[in-house]
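J.: the following block contains a protein sequence and its predicted model.
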Amino acid sequence: MDTYSVDIVYQAISALFQGNNPKEQEKANKWLQDFQKSIYSWTIADELLHQKRDLHANYFAAQTMRNKIQNSFSELPPHTHESLRDSLITHIGQIDEQTDNVIVTQLSLAVADLALLMATWQEPISDLLKALAPHPAAIWPLLEVLKVLPEEIDSRFLRLGANRREQVHKQLDASAECVLEFLCMCVQREDLDQQRIWNATLRTYSAWLVINAFPLSHICDNALSQLAFRLLSQPAETSGKLHDNASECVCALLSCMGSRSGSPEVESQVGRVFEAVCQLEAAYHLSVAHEDTDKTINYCGIFTTLCDAFSFDILEQQHAMKGLDLVLLCVGHFDYEVAEITFHLWYKLSEDLFQRYDDKLTARFRPHIERLISALYRHAQMESDHDGLIEENNNFYDFRRKVSDLLKDVAFIVGSNACFKQMYIILQAPNTTWESTEAALFVMQNVAKNILPEENEVIPKVVEAILSMSEQTHIAVRYTSIMLIGELCEWIENHSNLLEAVLNFLLYALQQKNGLAPAAAIALTSICSACRQNMICHISGLVEIARSLDSFQINNDVAIGLLKGISLILTKLPREQLQPALREIVSFQLQPLAQLLESQAPVEKGERSDPVYWIDRACAIIRHTNPDVPDSVEHPTVAILNDAWPLISRVLDKYQSDLRIMERTCRLLRYAVRMVRKQAVLLVEPLIKQIVVLYAVQHHSCFLYVGSILVDEFAKSNECISGLLEMLQAFIEPTFGLLQLENGLRNNPDTVDDFFRLASRYLDCCPLQLLQSSLITPIFQCALIACSLDHREANSSVMKFFINLLTWGRSSNHRHAECRPLVVELATQHGSALVMNLIQASVFQLHSYMLADVAEVLSELKHVVGNAQMEPFLANALDSLPKKNSGGYVTATQQQLEEFSTTVLRADTTKAVTQALKTFTRLFR
């Protein structure tokens, strides 16, 4: 298989799809992938489509043709474009009812992509209608082409650019009436497969509605909109697929009108469409009666889209509240999956009301939110015959998590106190079932944080009932009650007389083996966090809890949370009590770690034989024990840290090849050094020596991050600077070696991120020494190459490096004035390459959300070199961009290039440069 021909390609396709030997199939797959990248695949794929030997070959050929047009259109000389177009239209015309749907889709996408890319194809819609519409068999594939064409306009693979997209939209707008006429004709034909044509026509109509191609006056009363509403009004007679497409069509119609709301043309038609949707209420009830959940979900989607599209009208007009009534009707459906569809609408409504901050307006929606909360309470109920707790990660657990988020968002509309009382009334009702009780407590749990600590009417009764709850109470009720106690932590702080009873209650639950321990640990963590001062007298009990952690039935994440809570109390202790208590709690984690170092037991991730199990615990303690100690006084944890260093050093050596363990150990070091700051000076030399050696061998970027922490803490001390610069020099060689490998930047974004974060720390803390060293030029040149990396954090660190560097070159820099000439020299020497790489990266590699950082670099460079130098830098970069796309159309006009350059040069703010950059890059995307 070293040459390409139709027969050899057939053999490879046969080997891939019909062979029995996995190795041969893998070999055939690799060969076919290489074939698709070759220039010969154009003609051979075309020939395969003509021959139609079998389904697999046809599918492969159609997929190849689509991929080539999408990704390799520049391979074709312009004079071949027309023959390709004619050939594809011929293939489309030969499709019949037996042709597989996937092949039709691939060929349709190929034609659509060609129409978008080929600038010389002036009237693709008209040409396709003339060539295919007269042939009944071609109607279905023609509809598919017309559907995917508007969908492909924003394809990130085609990179049409803003100018071409504008041209295409004008083409589609000009053809819209003609297309609408054709679509209406299709649904009235009786000589075709009605179901297939109706489905295809409605999908196509929806695609054109989404891009707002049709005039508003044409979209309400045409045959297609009427068909969609008619099909939806008869759920029993309409097939599932047709119902789906009619629903999608109506949703697209509503969104289309909503996006143009405010115009007089829309206002005259909104009422009619609103009424048509409201009339679907009867059909919704029919679908519920027939237990046709898929159709019920469709109606719910329509009602929700109605309110979403006209949310402004709902806020402003009282009559539009009917839409919310329809949505609440769906929320009341017995299946929680139907209710879940509406959640995004309630999020949006609560956000709008919160932003408006209008009590009168909020009050209008209070009855709706009360109904919503009542429905959520019912949906959150467990089955009455359910034993035990809800298992994590099943669908109902996920749904309750979403309910929890929604309750927290909407509670302010009715008031958390009112919501709490509403649930308390349910608890007080006679003969309340356990599942109703649990659901009411669940709702209370999610609004408890926002209740005023002074509340004395309901909460004391609830807390008293929980504390006296018997062991015969259903386990789920007890679990949720404990979680509620945790959420009431701020209220408990204000009612410290209850603290002792609450702690005894939680400690008892923590010792249980029935599933209550995790809830008790989480609640205890919250109590520790909120009641720090009042918890000091309980420190001996908390130390005992820390000692006994592994006797409780909790996972390590929950245990770490509990240690965090205990550490927050430690912080409040007097110095003479803090050090021994902290040393004891840390030793509970380090002693098992020391035993692991002596044993040869294999590492089992997440188990006690995993060093990370103990390192993460120690890290939580160190991170959250943060006493306020003046620099002049020895930090109570310095001695503990110095004593622990030999053990940490042995961990680094023994597990150096395990990235996960190294990252967690480096995180422990980070918090340890941050806590004691300059008092960790005894660790600096041995730590640098060890991480430099380990980094050279293992290339773990976490060592670079530890280096940046050391720079941040010690680079302002003159006696440490030379040693820290030697550390940077030692890091550079293995870093550059790694990044210079094939795809080195893309495969090692963490290294890029941490290395340039490290370089930025040097610029922050000892800029002059770095700028005077020989290291700055190779670092700058590496950053030039890394500009194009489309990894969010890594690219941000590269840009931050440039910004920090160029800031020292500003004329307003008086803190280190001697840095300015050094930066000006660098910027003058490399500025042209920097602008070139930034513009190229922005246009071809980076996501639009990354452009704000690029804009800041350009702004800083302009401040350093001035407009006189910046102008030729920009001109050179813009001149390097392609003037035309592979399809032959203009990407950016000369006027647009000049406008961008002028805007950047005249901009006073980074925001203005960002906006100009985003607008400009859209010309090439």
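T.: Everything's here; your move. Here the structure is a predicted model, which is why all the values come from computation and not from measurement.

J.: give the residue farthest from the middle of the protein.
T.: Farthest-out residue of the chain from its mean C-alpha position, per CA atoms, centre = their mean: residue 191, at 48.1 Å.

J.: helix/strand/coil for it?
T.: Using DSSP: H, G, I helix; E, B strand; the rest coil, the structure places residue 191 in coil.

J.: for the closest residue in space to it that isn't next to it in sequence, what are its contacts?
T.: In space, residue 191 comes closest to residue 136 once its chain neighbours are excluded; the distance is 6.0 Å by CB to CB, 6 or more residues apart in numbering. The way it works is simple: take the backbone N, C-alpha and C, and place the C-beta from them, glycine included. The contact partners of residue 136, taken as CB atoms under 8 Å, 6 or more residues apart in numbering, are 189, 191-192.

J.: one step back: where does the residue farthest from the centre of the chain land on pLDDT?
T.: At residue 191, the model reports a pLDDT of 81.

J.: got phi/psi on it?
T.: For residue 191, the backbone dihedrals (degrees, to the nearest 10) come out as phi -90, psi 10.

J.: let the chain start at 572 from now.
T.: With 572 as the first residue, the last one maps to residue 762.

J.: now do the residue nearest to residue 762 against residue 633, distance only.
T.: For residue 707, the distance to residue 633 equals 22 Å [CB to CB, to the nearest Å].

J.: residue 666 now?
T.: Counting by CB to CB, the gap from residue 666 to residue 633 is 10 Å.

J.: cool, and residue 614?
T.: In terms of CB to CB, residue 614 sits 15 Å off from residue 633.

J.: not counting sequence-adjacent ones, nearest residue to the residue most central in space within the chain?
T.: Nearest to the geometric centre of the chain sits residue 1363, at 11.9 Å (CA atoms, centre = their mean). Nearest residue to residue 1363, sequence neighbours excluded (CB to CB, 6+ apart): residue 1421, at 6.7 Å.

J.: can you report how many residues lie near that neighbour?
T.: For residue 1421, the tally of surrounding residues (other CB atoms under 10 Å) stands at 19.

J.: pretty sure it contacts residue 1365?
T.: No: checked against CB atoms under 8 Å, the pair residue 1421 and residue 1365 is beyond contact range at 10.3 Å.

J.: by mean pLDDT, flag the weakest helix or strand of the chain.
T.: Across the helices and strands of the chain, mean confidence by mean pLDDT, DSSP states H and E is lowest for helix 882-887: a mean of 64.

J.: next secondary structure after it?
T.: Remark: after helix 882-887, the chain's next helix or strand is helix 892-902, criterion DSSP states H and E.

J.: identify the residues contacting stretch 987-995?
T.: So stretch 987-995 is contacted by 941, 944-945, 948, 978, 982, 985, 1011-1012, 1014-1015, 1018-1019, 1021-1023, 1026, 1028-1030, 1032-1033 (CB under 8 Å, 6+ apart).

J.: buried among those? Make that a PyMOL selection.
T.: The buried residues among those can be selected in PyMOL (16 or more other CB atoms under 10 Å) with this line:
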select buried, resi 941+944+945+948+978+982+985+1011+1012+1014+1015+1018+1019+1021+1022+1026+1029+1030+1033
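
J.: buried residues of the helix or strand harbouring residue 597, list them for me.
T.: Assigned by DSSP H and E, residue 597 belongs to helix 593-608. Using 16+ other CB under 10 Å as the test for burial, helix 593-608 gives 598-599, 602-603, 606-607.

J.: want to throw these into TSV with pLDDT and distance to residue 934?
T.: Converted to TSV, those look like this (pLDDT from 0 to 100; distance: CB to CB, whole Å):
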residue	pLDDT	distance to residue 934
598	92	71
599	91	69
602	93	70
603	93	66
606	93	68
607	92	63
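
J.: widest-spaced pair of those residues?
T.: Maximum pairwise distance among these (CB to CB): 15.3 Å, between 598 and 607.

J.: re earlier: I'd like the contacts of residue 707 laid out as JSON lines, including distance to residue 1341.
T.: As requested, those are exported to JSON lines (distance: CB to CB, whole Å):
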{"residue": "760", "distance to residue 1341": "76"}
{"residue": "762", "distance to residue 1341": "79"}
{"residue": "763", "distance to residue 1341": "74"}
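
J.: for residue 658, state which of the residues you listed is nearest.
T.: residue 763 (25.8 Å).

J.: the closest one contacts residue 713, doesn't it?
T.: No: applying CB under 8 Å as the test, residue 763 and residue 713 come out as separate, 11.7 Å apart.

J.: the more surrounded of these two?
T.: Comparing residue 763 with residue 713 by other CB under 10 Å, the one with more neighbours is residue 713, at 26 against 17.

J.: how far out from the middle of the chain is the helix or strand that contains residue 737?
T.: Assessed by DSSP H and E, residue 737 sits inside helix 733-759. On the basis of CA atoms, centre = their mean, to the nearest Å, helix 733-759 sits 34 Å off its chain's mean C-alpha point.

J.: against which helices or strands is whatever helix or strand comes next after it packed?
T.: For helix 733-759, the following helix or strand on the C-terminal side (DSSP H and E) is helix 765-781. Counting by 3 or more CB pairs under 8 Å, 6 or more residues apart in numbering; DSSP states H and E, the packing neighbours recorded for helix 765-781 are helix 710-722, helix 733-759, helix 794-803, helix 811-830.

J.: pull the residues that contact the shortest one.
T.: Residues lying outside helix 794-803 but in contact with it, judged by CB under 8 Å, 6+ apart, are 751, 754-755, 758-759, 769, 772-773, 776, 790, 809, 813-814, 817-818, 820-821, 824, 847, 851, 854, 869-870, 873.

J.: of those residues, grab the buried ones for ChimeraX.
T.: To isolate the buried subset of these in ChimeraX, counting by 16+ other CB under 10 Å, use the following:
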select :751,754,755,758,769,772,773,776,790,809,813,814,817,818,820,821,824,847,851,854,869,870,873
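
J.: give me the low-pLDDT residue ranges for the protein?
T.: By pLDDT under 70, the low-scoring segments of the chain are 572-573, 832-838, 883-891.

J.: show me where the stretch 1072-1221 of the chain has its strands.
T.: For the stretch 1072-1221 of the chain, strands defined by DSSP state E, counting those that start in this stretch do not occur.

J.: quick one: the helices in it?
T.: Per DSSP state H, counting those that start in this stretch, the stretch 1072-1221 of the chain carries helices over the ranges 1088-1101, 1103-1106, 1110-1118, 1127-1142, 1146-1169, 1182-1195, 1209-1225.

J.: to residue 1329, which of these lies closest?
T.: Of all the helices of the stretch 1072-1221 of the chain, helix 1209-1225 sits nearest to residue 1329, with 18.2 Å by CB to CB.

J.: tell me which other helices or strands the closest one touches.
T.: helix 1146-1169, helix 1230-1247, helix 1252-1269.

J.: show me which parts of that helix are buried, residue by residue.
T.: Buried, per 16+ other CB under 10 Å, within helix 1209-1225: 1209, 1211-1212, 1215-1216, 1219, 1222-1223.

J.: who's in contact with that helix?
T.: So helix 1209-1225 is contacted by 1150, 1153-1154, 1157, 1161, 1164-1165, 1168, 1182, 1186, 1232-1233, 1236, 1239-1240, 1243, 1246-1247, 1250-1251, 1253-1254, 1257-1258, 1261-1262, 1265 (CB under 8 Å, 6+ apart).

J.: who's in contact with the helix holding residue 597?
T.: The contact list for helix 593-608 (CB under 8 Å, 6+ apart) reads 572, 575, 580, 583-584, 586-587, 590, 612, 615, 631, 635, 638-639, 643.

J.: and after that helix, which helix or strand comes next?
T.: From helix 593-608, the next helix or strand downstream (DSSP H and E) is helix 612-622.

J.: would you mind getting the angle between the helix or strand just after that next one and helix 593-608?
T.: Once helix 612-622 ends, the next helix or strand along the chain (criterion: DSSP H and E) is helix 626-643. With axes from the mean of the first three to the mean of the last three CA atoms, to 10 degrees as the basis, helix 626-643 and helix 593-608 are set at 40 degrees to each other.
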